[in-house]
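Visitor: need a structure here:
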Amino acid sequence: MTKERKTFDIGRDSESGKFIPVKEAERRPATTTVERVPKPGRGDTKGEPRRKK
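Guide: Numbering: from 1, shown residues only. Sure thing, here's the model as predicted:
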């Protein structure tokens, strides 16, 4: 049985608030952040492990 994550990673530009690709967010750590967003139909992310760098 595989354990599938309930969330996915998404990058966000800190200045404009717009979503961007994770790879671009990792290249610009001073002005971006990588967030965990619940998959559709899942609102609870309490049991998810923290994002690995």
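
Visitor: pretty sure Asp9 contacts Val34?
Guide: Yes - counting by C-beta atoms under 8 Å, Asp9 touches Val34, with 5.5 Å between them. Quick note: C-beta positions are derived from backbone N, CA and C, even for glycine.

Visitor: what's the closest non-adjacent residue to Thr32?
Guide: Take Thr32 and drop its neighbours on the chain: the residue closest to it by C-beta to C-beta, 6 or more residues apart in numbering is Ala25, 4.0 Å away.

Visitor: list the contacts for the one you found?
Guide: Gly11, Arg12, Asp13, Thr32, Thr33, Val34 (C-beta atoms under 8 Å, 6 or more residues apart in numbering).

Visitor: which SS class is Glu26?
Guide: helix (DSSP: H, G, I helix; E, B strand; the rest coil).

Visitor: got a pLDDT number for Lys46?
Guide: pLDDT, Lys46: 64.

Visitor: what does Pro40 give?
Guide: 80.

Visitor: Run a quick neighbour tally on it.
Guide: 6 (other C-beta atoms under 10 Å).

Visitor: so who does it touch?
Guide: Contacts for Pro40 (C-beta under 8 Å, 6+ apart) come out as none.

Visitor: are any of the contacts of Ala25 buried, and which?
Guide: Among those, the ones that count as buried by 16 or more other C-beta atoms under 10 Å are Gly11, Arg12, Thr32.

Visitor: So which of those residues belong to helices?
Guide: Among the buried ones among the contacts of Ala25, no member falls in helices (criterion: DSSP state H).

Visitor: residue ranges of the strands in this protein, please?
Guide: Assigned by DSSP state E, the chain shows strands spanning 7-13, 19-20, 32-38.

Visitor: Could you give the average pLDDT over the second one?
Guide: Across strand 19-20, the average pLDDT comes to 95.

Visitor: who's in contact with it?
Guide: Ile10, Gly11, Arg12, Asp13, Thr32.

Visitor: Distance to Arg42 and pLDDT added to those, as a markdown table?
Guide: Listed next are the contacts of strand 19-20 as a markdown table, based on distance: C-beta to C-beta, whole Å; pLDDT from 0 to 100:
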| residue | distance to Arg42 | pLDDT |
| --- | --- | --- |
| Ile10 | 14 | 94 |
| Gly11 | 20 | 95 |
| Arg12 | 19 | 95 |
| Asp13 | 24 | 95 |
| Thr32 | 24 | 95 |
